[in-house]
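J.: return a 3D structure for these sequence lines:
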Amino acid sequence: MNQRRDAILREMGLAPLWRLRAVRGAEEGVVAQAPLVPEQTPNSPGQQQDAQAPLAPGTTDAFVSPQHEPALRPVAQLTPASLLETATAAVRTSGDVAGLGWEALEARIHSCSACDLCKRRKRAVPGVGDRQADWLFVGEAPGAEEDERGEPFVGQAGRLLDNMLASIDLRRGQDVYIANAVKCRPPNNRTPESAELTACFPYLQRQIQMIRPRLIVALGRPAAQALLSQEVKIAAARGRLFDYSGIPIVVTYHPAYLLRNLQDKAKVWEDLCFARRTMARLKTDRPPE
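T.: Numbering: from 1, shown residues only. A predicted model of the protein is given here:
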């Protein structure tokens, strides 16, 4: 981290919470070549929590990067074979949204009744940010505060996400779009079910088509599974590039998970560095439009 970023973080009142230990695989030159094996492990609870839920002792919603960036792991290009089948099923559930513009799409989301989540929601949460962004961050589903305000990531997890963005010189709404895989709050902020992810997928798919981001960052397991159409274990997916219709995907932990698992902030910093370097390469390699 350079001196300018140190000064910015100090002005924000953020103090270092951890230091990144050396990555064993990177030190030993280990290259992950094998594709992910579908996992049957149940979804981990607590990735979507109420905005007012108590934090683990000693936890804050600040995200402070270490003083030095880690070396990136080699990555493997993977494309999920069943993505088309999932997209087709989702279109049948939610109706054809392929030709909708932004206003019509958001109106469709607000009036959607494709799954039972519509029965309890206060407000659907389409997304927010730069509609021509290079960066697309995809979370899981709205929480209690998001359900009240109709905007993603506005609670404690949202403040942490903003600090995560700032740690790699990004800012909400400036070359960044933020959305969720599921647009309505699941009861008690439980993990979205597969049928709910399937019903909402056409909306996210259309958003991606219109934004045309250079890079997608999947925050949490359900977001990654919605985009990749396969079972995903975050620990196994980290440090690899996945592919969605030619757009690279980086997978990392959800900010709400970090609020209760402070020790994994170091892993997310590594993932953010990986994403930043991937974006730098994409901007260098991609010809001007």
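J.: can you map out the helices along this protein?
T.: Here the chain has its helices, by DSSP state H, at 3-11, 24-28, 83-94, 102-110, 144-149, 156-167, 194-211, 221-228, 234-237, 255-260, 265-285.
J.: need the per-residue pLDDT for residue 129.
T.: Per-residue pLDDT puts residue 129 at 97.
J.: equivalent analysis for the one 5 residues further on, please.
T.: Among the per-residue scores, residue 134 shows a pLDDT of 98.
J.: who touches it in this structure?
T.: Neighbouring residues of residue 134 by Cβ atoms under 8 Å, 6 or more residues apart in numbering: 175, 213-215, 279, 282-283. All C-beta spots, glycine's among them, are computed from the backbone N, C-alpha and C.
J.: what do you get for residue 127?
T.: Contacts of residue 127 by Cβ under 8 Å, 6+ apart are 152, 177-180, 207.
J.: filter the contacts of residue 134 down to the buried ones.
T.: Buried members of these, scored by 16 or more other Cβ atoms under 10 Å, are 213-215, 279.
J.: just to check, residue 150 is in contact with residue 124?
T.: Yes. Counting by Cβ atoms under 8 Å, residue 150 touches residue 124, with 7.1 Å between them.
J.: the two - which one has more neighbours?
T.: residue 124 (25 against 17; other Cβ atoms under 10 Å).
J.: contact partners for the more buried one?
T.: Contacts here follow Cβ under 8 Å, 6+ apart; on that basis residue 124 touches 109-110, 112, 118, 150, 183-184.
J.: buried subset of the residues you listed, written for PyMOL?
T.: Applying 16+ other Cβ under 10 Å to these leaves a buried subset, and the PyMOL line that selects it is:
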select buried, resi 109+110+112+150+183+184
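J.: closest to residue 131 among the contacts of residue 124?
T.: residue 109 (14.6 Å; Cβ to Cβ).
J.: distance of the closest one relative to residue 138?
T.: Per Cβ to Cβ, to the nearest Å, residue 109 is found 15 Å from residue 138.
J.: so can I have a markdown table of the contacts of residue 127 showing neighbour count, distance to residue 237 and pLDDT?
T.: Below are these laid out as a markdown table (neighbours: other Cβ atoms under 10 Å; distance: Cβ to Cβ, whole Å; pLDDT from 0 to 100):
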| residue | neighbour count | distance to residue 237 | pLDDT |
| --- | --- | --- | --- |
| 152 | 28 | 22 | 95 |
| 177 | 25 | 22 | 98 |
| 178 | 26 | 20 | 98 |
| 179 | 23 | 19 | 98 |
| 180 | 31 | 19 | 97 |
| 207 | 22 | 22 | 98 |
